[in-house]
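**Student:** build me a structure from this.
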Amino acid sequence: MVQNNHYYYMDFSSPSLPFFRTPMVNSTSQSFRLLLYLEWLLLTTAVLMEVLLPLELSWRSLVQVLMIFGFGLMGLRVPTKKLETKLLYTTVEFAIVLFAAIEYGISSRTVFLLCLVLLMRSCLIFGRAGQMAVLGLAFLCYGTLLLTKPIVPEKYRTAVWDWRLSSVLLFSLTLVFALLLINALLAERQSRKQLQIAHQELEMTHEQLRYYALRIEDQATLQERNRIAREIHDGLGHTLAAQSIQLNNALLFWQSNNDKALTFLKQAKQLGAEALLEIRRSVSVLRSNPLQGQSLNSAIEKLLKDFQDNTGIKLSSKIYLPLSLPVEVNTTVYRIVQESLTNIYKHAHATTVAVELQQESGKLHLSIEDNGEGFDPTQNTTGFGLQGMRERAMGLRGQFNIHSQPGKGCRICVSFPLSNLLL
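**Tutor:** Okay, here's the model as predicted:
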């Protein structure tokens, strides 16, 4: 039990014997250092009582001290695995105490202290049932040794019996108190150990979550870059290529046919305006905070006005936001509206668009509807725009739905629970 000034407490449990289970504990705890010092104190006290009370230096006293020392050395090694080894270990401890008491006459005071040390060790080896068994055997051992001693002279019989019964009662109470105290220390240390393990697991989970968040952020960034690259290639690239063709045509007809060259120049100018619009839209998408300090109402109204001015598509809006929303919610809603308008301009060929954004019935509802060509949602749901809007909505535990049919326009509906969004 003692080695290099530390207690070593191990798990001596057996899978088939639950009553003998003991939790693994750490030797660095102040509580268990106290147990170590207490055992040393008890053993030292036992040696002093045998040598000094009364003061007698003889071979008998030397043997008594050596037996107490041997009993203390057993604490250097405690059984760690098999139940049979633990039972044999405890049996040898009892045998040493009884042999020293019967053959070499160690005092009842020393037996008291050795049994107390034996009980302390049992708390570190056995479970509750084993501890109770050791407590009962220690009580029986001490009581038998004390009560069976002859009383000389006879005239003190009554007083001696009173003293012996009081000693047995005191011994039993001491054993019970020691058992409760040591188990309380074990429980306290086990709780600390469990808290440390839980804290370590929580730190590991936090690190894993941070790692996953970084990975998700990297993937989202990569996906956004790919989307923007595709938008530039499909939109701005094609527009500039068409403009280059129109300019080449204008140069070819500049001297032979001025009117036709002028037509090509006008088309090139229109394509240049469209390219500029694409660049502005891409820059707007790249902004980390598209609202730039504006309220969501103002930002969406400006977005709708700019869209109508640049495309000529008629817009109607209905916005009702009485409650303040977090920044991430405002950004998500703005991006969904922005992406929806971009898709309508590029693919729908619509003439009217209706946007509704309202807080009602404990939810935030967003609806964007156009009268364009429409499409089959089951066949066209993997584009970057639709996928990005769906992921943004799901990121805030929202619901994202598309209602569309070929030739009947499209309606995008998004709803968020306000209980998760309000500040």
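**Student:** and the residue sitting furthest away from the middle of the chain, what element?
**Tutor:** What lies farthest from the middle of the chain is Ser256; by C-alpha atoms, centre = their mean that is 77.8 Å. Of the helices and strands defined by DSSP states H and E, none includes Ser256.
**Student:** distance of it from Ser244?
**Tutor:** To Ser244, Ser256 is 20 Å away according to C-beta to C-beta, to the nearest Å. (Each C-beta comes from the backbone N, C-alpha and C, glycine too.)
**Student:** same question, Ala273
**Tutor:** With C-beta to C-beta as the criterion, Ala273 and Ser244 are 15 Å apart.
**Student:** again, but for Val168
**Tutor:** Distance from Val168 to Ser244, by C-beta to C-beta: 110 Å.
**Student:** more neighbours: these two, which one.
**Tutor:** Val168 (17 against 12; other C-beta atoms under 10 Å).
**Student:** the more buried one contacts Tyr142, correct?
**Tutor:** Yes - taking contacts as C-beta atoms under 8 Å, Val168 lies within contact range of Tyr142: 7.1 Å.
**Student:** low pLDDT regions in this structure?
**Tutor:** 1-33, 53-57, 152-155, 227, 230-231, 233-235, 238, 284-289, 380-384, 420-423 (pLDDT under 70).
**Student:** how is it divided into domains?
**Tutor:** Structural domains annotated on the chain: 2-149, 293-423, as defined by automatic domain parsing.
**Student:** format these as TSV; extra columns: distance to Glu188 and mean neighbour count.
**Tutor:** Below are the domains of the chain laid out as TSV (distance: least, C-beta to C-beta, whole Å; neighbours: other C-beta atoms under 10 Å):
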stretch	distance to Glu188	mean neighbour count
domain 2-149	6	16
domain 293-423	40	16
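**Student:** in CSV, list those along with distance to Trp163.
**Tutor:** Output for those, formatted as CSV (distance: least, C-beta to C-beta, whole Å):
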stretch, distance to Trp163
domain 2-149, 10
domain 293-423, 74
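**Student:** got phi/psi on the residue nearest the centre of the chain?
**Tutor:** Taking C-alpha atoms, centre = their mean, the centroid of the chain lies closest to Leu202, which sits 3.4 Å from it. Here is the backbone geometry of Leu202 (degrees, to the nearest 10): phi -60, psi -40.
**Student:** separation between it and Arg210?
**Tutor:** 12 Å.
**Student:** again with Leu304
**Tutor:** 38 Å.
**Student:** got it, and Leu170?
**Tutor:** From Leu170 across to Arg210, the span is 59 Å (C-beta to C-beta).
**Student:** and for Leu185?
**Tutor:** Distance from Leu185 to Arg210, by C-beta to C-beta: 37 Å.
**Student:** which of the two has more neighbours?
**Tutor:** Leu185 (18 against 10).
**Student:** on the three-state scheme, that one is what?
**Tutor:** Recorded secondary structure, Leu185: helix (DSSP: H, G, I helix; E, B strand; the rest coil).
**Student:** thought it was touching Leu35?
**Tutor:** Yes - between Leu185 and Leu35 there is a contact at 6.9 Å, judged by C-beta under 8 Å.
**Student:** any idea where the strands of the chain begin and end?
**Tutor:** 2-3, 6-7, 314-320, 352-360, 363-370, 399-404, 410-417 (DSSP state E).
**Student:** could you spell out the sheet neighbours of the fourth one, each with its direction?
**Tutor:** Here strand 352-360 has these sheet partners by DSSP bridges: strand 314-320 (parallel), strand 363-370 (antiparallel).
**Student:** dihedrals phi and psi, Pro377?
**Tutor:** Per degrees, to the nearest 10, the backbone of Pro377 is at phi -60, psi -30.
**Student:** what sits against it?
**Tutor:** Contacts for Pro377 (C-beta atoms under 8 Å, 6 or more residues apart in numbering) come out as Ile402, His403, Ser404.
**Student:** again with Leu173
**Tutor:** The contact partners of Leu173, taken as C-beta under 8 Å, 6+ apart, number zero.
**Student:** next: Lys408.
**Tutor:** Residues near Lys408 by C-beta under 8 Å, 6+ apart: Gly374.
**Student:** for the domains of the chain, which one sits closest to Val160?
**Tutor:** Closest to Val160 of these, according to C-beta to C-beta: domain 2-149, at 8.9 Å.
**Student:** for Ser404, which non-adjacent residue is spatially closest?
**Tutor:** Residue nearest to Ser404 in three dimensions, not counting chain neighbours: Cys410, with 3.9 Å by C-beta to C-beta, 6 or more residues apart in numbering.
**Student:** wait, that neighbour sits on Gly372?
**Tutor:** Yes - contact criterion C-beta under 8 Å: Cys410 and Gly372 qualify, at 6.4 Å.
**Student:** got any residues that touch both of these two?
**Tutor:** Ile344, Ala348.
**Student:** what is Cys410 paired to in the beta sheet?
**Tutor:** Beta-bridge partners of Cys410, as defined by DSSP bridges: Asp370, Ser404.
**Student:** show the contacting residues for it.
**Tutor:** Shown in contact with Cys410 (C-beta under 8 Å, 6+ apart): Ile344, Ala348, Glu369, Asp370, Gly372, Gly374, Phe375, Ile402, His403, Ser404.
**Student:** spit out the contact partners of Val355.
**Tutor:** By C-beta under 8 Å, 6+ apart, the residues touching Val355 are Ile300, Leu304, Leu315, Ser316, Ser317, Lys318, Ile319, Val337, Ser367, Ile368, Glu369.
**Student:** oh, I was asking about Phe253
**Tutor:** Lys260, Ala261, Phe264.
**Student:** in helices, which of these fall?
**Tutor:** Within the contacts of Phe253, residues falling in helices by DSSP state H are Lys260, Ala261, Phe264.
**Student:** ok, those residues vs Asn330, which is closest?
**Tutor:** Phe264 (44.7 Å).
**Student:** quick one: the closest one and Ser244 touch, right?
**Tutor:** No - Phe264 is beyond contact range of Ser244, at 11.3 Å (criterion: C-beta under 8 Å).
**Student:** beta partners of Gln359?
**Tutor:** Leu364.
**Student:** quick check: it touching Ile319?
**Tutor:** No - the pair Gln359 and Ile319 fails to qualify as a contact (C-beta under 8 Å) at a distance of 10.0 Å.
**Student:** Val117: which of the strands paired with strand 352-360 is closest?
**Tutor:** Using C-beta to C-beta, the nearest of the strands paired with strand 352-360 to Val117 is strand 363-370, at 69.6 Å.
**Student:** could you dump the closest one to PDB, C-alpha only?
**Tutor:** Output of strand 363-370 as PDB, limited to C-alpha atoms (Å, rounded to 0.1, in the frame of the first residue of the first chain):
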ATOM      1  CA  LYS A 363     -42.100  32.100 -37.100                       C
ATOM      2  CA  LEU A 364     -40.200  34.200 -39.700                       C
ATOM      3  CA  HIS A 365     -41.700  33.600 -43.200                       C
ATOM      4  CA  LEU A 366     -40.000  34.500 -46.500                       C
ATOM      5  CA  SER A 367     -41.700  34.000 -49.800                       C
ATOM      6  CA  ILE A 368     -40.200  34.900 -53.300                       C
ATOM      7  CA  GLU A 369     -42.500  34.300 -56.300                       C
ATOM      8  CA  ASP A 370     -42.100  35.000 -60.000                       C
END
